[in-house]
Structure formats: structure tokens, C-alpha cells
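# Mind folding the following:
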Amino acid sequence: MKRSSPIAATLAFLGYVVMIVPILFVVATAFTDGDALTFPPEGLSLRWFEAAISYEPFTRALVSSLQLALISTVLALGIGIPATLAIMRGRLPGKSVVEGLFLSPLILPELVVGLALFQQFMIHLELDNFRTLLIGHTAILLPYTVRVTGASLALADPALEDAARGLGASAWRSFWTVTLPVLRPGIISAALLSFVTSFNNVPISLLLQSRDFRTLPVTMLDYVQQNYTPIVAAMSTLLLAGTVVLAFAAERILGFARIFGGINR
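Coordinates of the predicted model:
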């Protein structure tokens, strides 16, 4: 069995420390009984969680973020799944170019994407903030839907689809009875990743939001620039707990390792 080098193990450990320790500081601060963001916490209390839940700008922004993330995820799946089938199963000319186009939002800075959307859609086409935000979020989610559903489809045997059609099944029936069950775990995984990515997005939302429609991450960023109470730490802890529960449930139901294992194939 191949053993990892001490340098690689040390770098991996330092990477985990850099990622996890700041999160632990935020979680610990959320339970403080003090009135300011300080570490170590000044006593233990749950009052900041109650304050976060009852703070109206946060609750209103939470509804907006959920709405935006849900709609953009559905749109990204509606575009990404047919694109994946066309790239991997269809006779599409220039498949690599088309796939690269769908994956390009991963390499473009989101601030640049947001600025381009602002200039083209809000200034030239005069679209409102919500529709422009929806277009931007859908665009940045397409790489996840195409890549993850493509990884799931890569694990399937194309001979099964050919066999179904050879036995008289139509293309539509073959898709529903053979292809879709294979894609379902990848679709659910892509939906979870897309939803979390859209919900937590800051750069595009920061550029394209309006006074009437503000997402939760941007609202929290604005709050922490003017106030130093632990209410932001409490809300962050609640969001972190929700994300962990969602990821754990998805892992138990789907098994992300089985899905993402196809990405390298």
C-alpha cells in the first residue's frame, strides 16, 4: 500500500486547520452572553439565536434567498440535464466546445459576470433586478448540473438504453424507464450543490440586488459592516447546521462518493 509523504500529510493537516478553525471560532462566538463579537465567549447563552430568528431584515432576506436559489436550481437543471444528454449521448458536433461553454462560468470571476449582466440586461435590456439575478445565478449553476449529472450518466451502460429501444421502447419511454433512474442520484446531487451555491452567493448578488430584493448573505455582510453584535455569528451557525444536516442526509440516501466517482472517468 502506497504511503503518503510527511510533507503531503502536513499540508493536508494545515489545510484542514485553516478551513475548520475559523468556523469553530464563529460557532463559539454565537453562544456568547456578551454584546460584542469576542473570543473566548463571555458566558454561554442562546439569546443571539433568538435575536437572529426574530430580526426582520434577516428573515425577509432568507425568504428571498430561498426563492432565488430554488428557482435558479430548477432552471439550471432544466437546461443542464438536456445539455448533458446531448453532449454524452447525442451526435452533437463540437461536443468539447459545447461542454466547455457550459463549464466556463467556473473559470470566470463572478464579479466580472455580475458586471456584464448589469450592463447588458439591466442597462441595455432594462430587466428588473430579480430577473437579472435569476439569469446570473442560473448561469453559475450550469457547470454543477452538467458535470454532476454527466458523472452519473458516465456510470451507466449505454447498452441498456440500446436494449430497451431494441425491444420496442420509444425514445421517451426508454429515457423514463432506463436513463432517468440512472440519472436520478446525479440530479439530486446537482440540485443540492446548485441550491447551496446559489444560496451562499455574494459577488453576483451584491452587484445585482435591489433595495426591495436582498439576499441573506449580502444582508449579513451589510450588517456586520455596521454592527458588532454576535447575531451574525448566530445566523451563520444556523445556516451551517442546516447545510451539515442536508449534506449528511444526502450522503446517507445517495452516497456522494458513488456519484462524484464518475467525474474522473
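# which ones are touching residue 223?
57, 58, 231, 232 (C-beta atoms under 8 Å, 6 or more residues apart in numbering). For the C-beta atoms, the positions are set from N, CA and C on the backbone; glycine is no exception.
# nearest to residue 22, of these?
When the contacts of residue 223 are compared for distance to residue 22 (C-beta to C-beta), residue 232 comes out closest, at 13.7 Å.
# so which helix or strand takes in the closest one?
Here residue 232, judged by DSSP states H and E, is contained in helix 231-253.
# How about residue 108?
Here residue 108, judged by DSSP H and E, is contained in no helix and no strand.
# next one: residue 207
Here residue 207 is assigned to helix 203-208, by DSSP H and E.
# who's in contact with that helix?
68, 109-111, 113-115, 117-118, 122, 129, 132-133, 136-137, 140, 215, 217-218, 221.
# Next one, pLDDT for residue 175 please.
Predicted confidence (pLDDT) for residue 175: 69.
# Neighbours of residue 68, how many?
Neighbours of residue 68 under the rule other C-beta atoms under 10 Å: 24.
# same question, residue 229
By other C-beta under 10 Å, neighbour count at residue 229 equals 18.
# Also the one 10 residues further on?
Counted with other C-beta under 10 Å, the neighbours of residue 239 add up to 19.
# Same question for residue 131.
The burial count for residue 131: 13, using other C-beta under 10 Å.
# Ignoring the adjacent residues along the chain, who's closest to it?
Excluding its sequence neighbours, the residue lying closest to residue 131 (C-beta to C-beta, 6 or more residues apart in numbering) is residue 121, at 7.6 Å.
# Surely the one you found and residue 133 touch.
No. Judged on C-beta atoms under 8 Å, residue 121 makes no contact with residue 133 at a distance of 9.8 Å.
# quick one: the nearest residue to residue 200 once chain neighbours are set aside from residue 236, how far?
Among residues not flanking residue 200 along the chain, residue 217 sits closest, at 5.9 Å (C-beta to C-beta, 6+ apart). According to C-beta to C-beta, to the nearest Å, residue 217 stands 10 Å off from residue 236.
# Looking at residue 121 and residue 133, which one has more neighbours?
Each of residue 121 and residue 133 has its neighbours counted (other C-beta under 10 Å); residue 133 has more, 29 against 19.
# tell me the contacts of the residue nearest to the spatial centre of the chain?
Nearest to the geometric centre of the chain sits residue 197, at 2.1 Å (C-alpha atoms, centre = their mean). When contacts are counted by C-beta under 8 Å, 6+ apart, residue 197 touches 140, 141, 144.
# Then residue 191?
73, 77 are the contacts of residue 191 under C-beta under 8 Å, 6+ apart.
# Look up the pLDDT of it for me, please.
Residue 191 is given a pLDDT of 87.
# gap between it and residue 218?
Taken as C-beta to C-beta, the span from residue 191 to residue 218 is 23 Å.
# go on, residue 35?
Counting by C-beta to C-beta, the gap from residue 35 to residue 218 is 24 Å.
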